[in-house]
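**Student:** Output the structure for:
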Amino acid sequence: MASIHPFCLETVDPTAFMYARHFSSPYSGTIEDAVTGTASGVMGAYYLTYMEPTLAQSSFFVEQWYEIGREGRVKVHVKRPEKGPMEVNISGTAALVRRWNW
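**Tutor:** Sure thing, here's the model as predicted:
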């Protein structure tokens, strides 16, 4: 299964840095993820790698899901150490939207 995570730097909330949506395969059980912490964390690494390769670290908010009425934000902090992989941390609050009975 694959997913698509389009993003832009135009945000609704002026304190957010990125706006994103996350579309999954219909076979995953959801079509659009409300707020995606994992994908938001990846955006931190993407930002330092491709958009600002000279920065050593950055912190920002990624906002998601205004179109569906469940606004959400993920705080992303990413750091590029001198050696080794990037360190990415995400934080935010969550609410149960749906319980799955596997």
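
**Student:** Quick check: pLDDT value at Asp34.
**Tutor:** No Asp there; residue 34 is Ala. According to the prediction, Ala34 has pLDDT 75.

**Student:** dump the residue contacts of it.
**Tutor:** Ala34 makes contacts with Gln64, Trp65, Ile68, Arg70, Gly72, Val97, as judged by Cβ atoms under 8 Å, 6 or more residues apart in numbering. Any C-beta I mention is one placed from the backbone N, CA and C, and that applies to glycine too.

**Student:** Strands - which of these land there?
**Tutor:** Among the contacts of Ala34, the members found in strands (DSSP state E) are Gln64, Gly72.

**Student:** Save the contacts of Ala34 as a markdown table, and put in neighbour count, pLDDT and distance to His22 too.
**Tutor:** Below are the contacts of Ala34 laid out as a markdown table (neighbours: other Cβ atoms under 10 Å; pLDDT from 0 to 100; distance: Cβ to Cβ, whole Å):
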| residue | neighbour count | pLDDT | distance to His22 |
| --- | --- | --- | --- |
| Gln64 | 27 | 88 | 7 |
| Trp65 | 19 | 76 | 9 |
| Ile68 | 10 | 73 | 11 |
| Arg70 | 13 | 74 | 12 |
| Gly72 | 19 | 83 | 11 |
| Val97 | 10 | 69 | 14 |
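
**Student:** closest to Ser28 among the contacts of Ala34?
**Tutor:** Using Cβ to Cβ, Val97 comes nearest to Ser28 of the contacts of Ala34, at 14.6 Å.

**Student:** on that earlier part again, and the two most separated of the contacts of Ala34?
**Tutor:** Across the contacts of Ala34, no pair lies farther apart than Gln64 and Val97, at 12.9 Å, counting by Cβ to Cβ.

**Student:** isn't Ser3 right next to Phe23, touching?
**Tutor:** Yes - contact criterion Cβ atoms under 8 Å: Ser3 and Phe23 qualify, at 6.2 Å.

**Student:** Overlap in contacts, the two.
**Tutor:** The contact sets of Ser3 and Phe23 overlap at Asp33 (Cβ under 8 Å, 6+ apart).

**Student:** now this protein, which segments are flagged as low pLDDT?
**Tutor:** For the chain, applying pLDDT under 70 flags the ranges 1, 97, 100, 102.
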